[in-house]
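Visitor: pasted the sequence and its predicted model underneath.
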Amino acid sequence: MAWVVTSKSGCHKGQHWNLSASPFLVGRSLSCDIVINDPLVSRKHCRLYERDSQVYLEDLGSTHPVLVNGEAFCEGALGQGDTITIGSTSLLLTRSNTSGIAASPPPVERISKETMSLFDGGMSLERDALSTSLLEGQPQSVPELVQLFKLGRTLSQAERRETLDEHCTATLRAALAPESIAIALTARCDSVVRWHPKGSGDDPEFKSLFGRVVREKKALLTHICMKDSGAQPPNLIMAAPLCVGGEAIGAIFLRSTLKNRVYDESDLHMLLSIAQIAAPYYQTLSHVAALKEEVAALDDCVGQGCPLLGKSRAMSKVRGLIRDVARTPLNILLTGETGTGKELAAQMLHNGSERSDGPLIFVNCAAIPAHLFESEMFGHEKGAFTSADKKCRGRFALADGGTLFLDEIGELSAENQARLLRVLESGHFSPVGAERESHADVRIVAATNRDLKRAIQDGRFRRDLYHRICAVEIELPALRQRPSDIPLLAQHFVNDYTTRSNAPRPSLSEDALGYLQELPWSGNVRELRNAIERATALSKDATITPKDFAFLKHLAPTESDEDHPAHNGLAPLAEVERHHITHVLEQCNYNISATARVLGIHRNTLHNKIAEYGIGG
């Protein structure tokens, strides 16, 4: 005897399949043995197979579970007469004396791409034949056109799906006065069904009608009668797909009763017009939400592969500027306080440039004695001076084809500034004791913690040299200007130290991080790194707490500071204003318009304040 599956309901009603083939796949994919084009059915929903004259069923991880005789079924043996429900299709398992029953071929049709997660209905319904079905909406009057125009304008300003729902619901109520509204998106876009009013719950007919509208991409109008409803008037239901680029991303579902409202084809046109206007906005916000999730995930690993760590606005701006100028041939000047990461920025500029395959040579200008500058930078011939026992290449020759990083360039003497200027202008230099000039193709990245513009005014730095090294200036922000980056930096330094020393990795308590964020950090990131490594090395507990940073007490305000006007609640007006603007910017997520509204000032005024106080993150 052969096992046979017969469709009792659904798109294959009356068809049957012989289970002699094993395994027997059921799902939406055209490769399945039974193809069920239903958004509630997964691409490969379940499989049936015969073993030792017994039929077994295995759910293949479907979104909606298989039901056997009305109960959820995952895996196991089936028996004669069992009913298998998959989506809206019911299959009956029987045994036949005839082993030659041919399987009904699955229909070849377009298969929907998404499996929907929707609520199950529990009421028994009878549905009349669909009275109307439309592909495109056509406004019927000038007032309708005005309503649709206003809707498009309000939707263009929405930033959240909830706001879109509110605007669409208001327009639907004004135009069509339904008793309840459902706006649903497919799994790819949202998969959440929003009902209006919220207490209306699920309409028992919603699931099947939603699936049909999404699959056929047509608006429809139908009458629904409840069984045993007596004299109760039938429900009127309209539904329209939210289509973008030929793909249905969801649907709008309206319900009313003949007692309160009579819908006709003109109403269906209006509903479809509203859906056509709203659909692109729903898709756009869905894409924005997905991008925000991706950005949030990337933010968690910000700085990996990038030496300049930080999530603050200031550091994001610096990294963006470095990426923009790295591939240019321009000379760069890095400014900022000591310990802010100028050397790391130089490394990023080199790695991002077309010279990345060439050498990166570091020179600390402050560490080179003035009388040895020529020899160190340009090289020398053997016997050029007393201790020159062999020929030596200078830093310019070593950096040929690459990048030369001149740190602390503001410490150069006037004579050595002149020597450096000549090389930067021509690319030619003369090693000490050489008879002929040499040439090097070098990009200059210079750095200083001094104010070179002030040094030019004071006559301590050459103006022409400044313009040679500073085609673009990049200022590295001080750590106290971006305290929000301290937790990320601190954890990075803990991880780095414990990895290098193969030591246990403690965690940082919230109190410890809060304490670190309150300190001024005159040594910036370098000072923070030293503090973190010391606390990590000396901590005997699994958690680093503020007591592990007792050695930093000299950085915290002391009692002797109380005479300073910045303490006891007294501070200069500019400092108070700067602090307040920074706080409001952070609360408004650095949205300039929102911050200006909160502060009660114009956007231009806010921009001027930000520039005046150097607010960066």
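Guide: The structure has been received and is ready for your questions. Numbering: from 1, shown residues only.

Visitor: in stretch 536-544, what counts as buried?
Guide: Neighbour-count burial for stretch 536-544 flags 536, 539, 544 (criterion: 16 or more other CB atoms under 10 Å). Using the backbone N, CA and C atoms, a C-beta is placed for each residue, glycine as well.

Visitor: likewise for stretch 359-366?
Guide: 360-361, 363, 365.

Visitor: could you export those as TSV, including pLDDT?
Guide: Below are the buried residues of stretch 359-366 laid out as TSV (pLDDT from 0 to 100):
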residue	pLDDT
Leu360	95
Ile361	94
Val363	93
Cys365	91
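
Visitor: circling back: which of the buried residues of stretch 536-544 lies closest to Thr85?
Guide: Taking CB to CB as the measure, Thr85 lies nearest Ile544 of the buried residues of stretch 536-544, at 57.4 Å.

Visitor: mind listing the residues bridging to that closest one?
Guide: Beta-bridge pairing of Ile544 under DSSP bridges involves Leu508.

Visitor: what residues are up against it?
Guide: 494, 506-509, 512, 535-536 (CB atoms under 8 Å, 6 or more residues apart in numbering).

Visitor: by neighbours, which of those wins?
Guide: Ala535 (26 neighbours; other CB atoms under 10 Å).

Visitor: neighbours of the nearest residue to that one once chain neighbours are set aside, how many?
Guide: Leaving aside its chain neighbours, Ala535 sits nearest to Asp548 (4.3 Å; criterion: CB to CB, 6 or more residues apart in numbering). The tally of other residues near Asp548 (other CB under 10 Å) stands at 23.

Visitor: now Leu372
Guide: Leu372 has 12 nearby residues by other CB under 10 Å.

Visitor: remind me which residues of the stretch 1-150 of the chain are low pLDDT?
Guide: 21, 97-137, 140 (pLDDT under 70).

Visitor: so where do the strands sit in it?
Guide: 2-9, 16-18, 24-27, 34-35, 46-51, 54-59, 66-68, 71-73, 75-77, 83-86, 89-96, 125-127, 132-134 (DSSP state E, counting those that start in this stretch).

Visitor: separation between the residue of the chain positioned farthest from its centre and Gly433?
Guide: Here the centre of the chain is the reference, and by CA atoms, centre = their mean the most remote residue is Thr386, at 63.0 Å. As for Thr386, its distance to Gly433 is 12 Å (criterion: CB to CB, to the nearest Å).

Visitor: what do you get for Pro143?
Guide: 94 Å.

Visitor: give me the more crowded residue out of the two.
Guide: Neighbour tally, Pro143 and Gly433, criterion other CB under 10 Å: the higher count belongs to Gly433, 15 against 10.

Visitor: just the pLDDT for that one.
Guide: We have a pLDDT of 83 for Gly433.

Visitor: phi first, then psi, for it.
Guide: When read as degrees, to the nearest 10, the backbone of Gly433 gives phi 90, psi 0.

Visitor: for it, which non-adjacent residue is spatially closest?
Guide: Closest to Gly433 by CB to CB, 6+ apart is Ala384, at 2.8 Å.

Visitor: let me see the contact set for the one you found.
Guide: If you count contacts by CB under 8 Å, 6+ apart, Ala384 has them with 375, 431-434.

Visitor: one step back: what separates the residue nearest to Ala535 from Leu285, distance-wise?
Guide: In terms of CB to CB, Asp548 sits 46 Å off from Leu285.

Visitor: tell me how many other residues surround Thr85.
Guide: Thr85, neighbours per other CB under 10 Å, totals 21.

Visitor: give me the number of residues near Ser141?
Guide: If we define neighbours as other CB under 10 Å, then Ser141 has 10 of them.

Visitor: please renumber so the chain begins at 21
Guide: From this message on, residue numbering opens at 21, which makes the last subject Ser161.

Visitor: looking at the chain, which helix is longest?
Guide: Identified as the longest helix of the chain according to DSSP state H is helix 285-320.

Visitor: among the buried residues of stretch 379-386, which are in strands?
Guide: Residues of the buried residues of stretch 379-386 located in strands (DSSP state E): 380-381, 383.

Visitor: Pro503: which of these is nearest?
Guide: Using CB to CB, Leu380 comes nearest to Pro503 of those, at 31.3 Å.

Visitor: give the contact list for the residue lying closest to the closest one once chain neighbours are set aside.
Guide: Excluding the flanking residues, the one nearest Leu380 by CB to CB, 6+ apart is His370, at 4.5 Å. By CB under 8 Å, 6+ apart, the contact list for His370 reads 346, 376, 380, 422-423, 425, 465.

Visitor: can I get these in JSON lines including distance to Ile201?
Guide: Output for these, formatted as JSON lines (distance: CB to CB, whole Å):
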{"residue": "Ala346", "distance to Ile201": "53"}
{"residue": "Ser376", "distance to Ile201": "58"}
{"residue": "Leu380", "distance to Ile201": "63"}
{"residue": "Gly422", "distance to Ile201": "65"}
{"residue": "Thr423", "distance to Ile201": "63"}
{"residue": "Phe425", "distance to Ile201": "64"}
{"residue": "Val465", "distance to Ile201": "61"}
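
Visitor: out of these, which end up buried?
Guide: By 16+ other CB under 10 Å, the contacts of His370 give 346, 380, 422-423, 425, 465 as buried.

Visitor: show me where the stretch 321-470 of the chain has helices.
Guide: 333-346, 362-371, 393-398, 415-418, 434-446 (DSSP state H, counting those that start in this stretch).

Visitor: any idea which of these gets closest to Lys573?
Guide: Across the helices of the stretch 321-470 of the chain, closest to Lys573 is helix 333-346 (CB to CB), at 27.7 Å.

Visitor: quick check: buried residues in that closest one?
Guide: Within helix 333-346, the residues scored as buried using 16+ other CB under 10 Å are 333-336, 338-339, 341-342, 345-346.

Visitor: swap in stretch 105-115?
Guide: Buried residues in stretch 105-115, counted by 16+ other CB under 10 Å: 105-113.

Visitor: that stretch: how far from the chain's middle?
Guide: Computed by CA atoms, centre = their mean, to the nearest Å, the chain-centroid distance of stretch 105-115 equals 43 Å.

Visitor: contacts for that stretch next, please.
Guide: Against stretch 105-115 from outside (CB under 8 Å, 6+ apart): 21-32, 46, 54, 56, 58-61, 65-66, 75, 84, 86-88, 90, 98-104, 228, 231.

Visitor: with stretch 413-420 instead?
Guide: With CB under 8 Å, 6+ apart as the criterion, stretch 413-420 contacts 378-381, 383, 395-400, 424, 443, 449, 451, 458, 460-462.
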